[in-house]
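# Provided below are the primary sequence and the corresponding predicted coordinates.
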Amino acid sequence: MNNFIKPFALVMALTIPAIASADITAKNVTVGEVRITYTTADAASSYGRKELESQIRRAAKKVCGAQNFQRARSVKQLMENRSCYDKAVAESMKSISTNA
């Protein structure tokens, strides 16, 4: 999957209207996409935002690939993975701030 599409898919999954839930949950939807479901109450509290950010970071790691050289196996792949991760996290957190 194209490195532009990966973070975009993650952001789109986060902007889908939230399903009422007591907890922040994540589940795999397709390869290269992770859906994180949350409520506005989750995003409003300090603890909820920290937990949500943690979920986003874990999802970005799954979607974007290895974040260390040993697993990425090349500097080019490592840089692409890190760029994807950084974009996915930044865009997702921005989306949460806009929707909360």
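Structure received.
# any chance you could map the strands in this protein?
Along the chain, the stretches classed as strands by DSSP state E are 25-30, 33-37.
# does Y85 touch N68 like I think?
No: with contact defined as C-beta atoms under 8 Å, Y85 does not count as touching N68 (11.6 Å). Where C-beta positions appear, they are placed from N, C-alpha and C, glycine not excepted.
# ok so, going back, and the strands of the chain, which one averages the lowest pLDDT?
Here the lowest mean pLDDT among the strands of the chain goes to strand 25-30, at a mean of 43.
# related to what we said a few turns ago, who's more crowded, Y85 and N68?
Here Y85 and N68 are compared on neighbour count by other C-beta atoms under 10 Å; more neighbours surround Y85, at 21 against 9.
# now that one: closest residue in space, sequence neighbours ignored.
Among residues not flanking Y85 along the chain, C64 sits closest, at 4.4 Å (C-beta to C-beta, 6 or more residues apart in numbering).
# what is the burial count for the one you found?
C64 sits with 24 neighbouring residues when counted by other C-beta under 10 Å.
# now do it against K94, distance only.
Here the criterion is C-beta to C-beta, to the nearest Å. By it, C64 lies 17 Å from K94.
# could you pick out the longest helix of the chain?
Longest helix in the chain by number of residues (criterion: DSSP state H): helix 75-99.
# now tell me which helix or strand of this structure has the poorest mean pLDDT.
Least confident helix or strand of the chain, by mean pLDDT, DSSP states H and E, is strand 25-30 with a mean of 43.
# pretty sure the residue nearest to Y85 contacts L78?
No: taking contact to mean C-beta under 8 Å, the distance of 10.8 Å between C64 and L78 leaves them out of contact.
# residue contacts, M93?
Taking C-beta atoms under 8 Å, 6 or more residues apart in numbering as the definition of contact, the neighbours of M93 are E53, I56.
# same check on L78?
Under the criterion of C-beta under 8 Å, 6+ apart, the neighbours of L78 are A66, Q67, N68, F69, A72.
# at 6 Å what do you get?
With contact set as C-beta atoms under 6 Å, 6 or more residues apart in numbering, L78 has these partners: F69, A72.
# check it and give its pLDDT.
According to the predicted model, the pLDDT of L78 comes to 94.
# sweet, I'm off.
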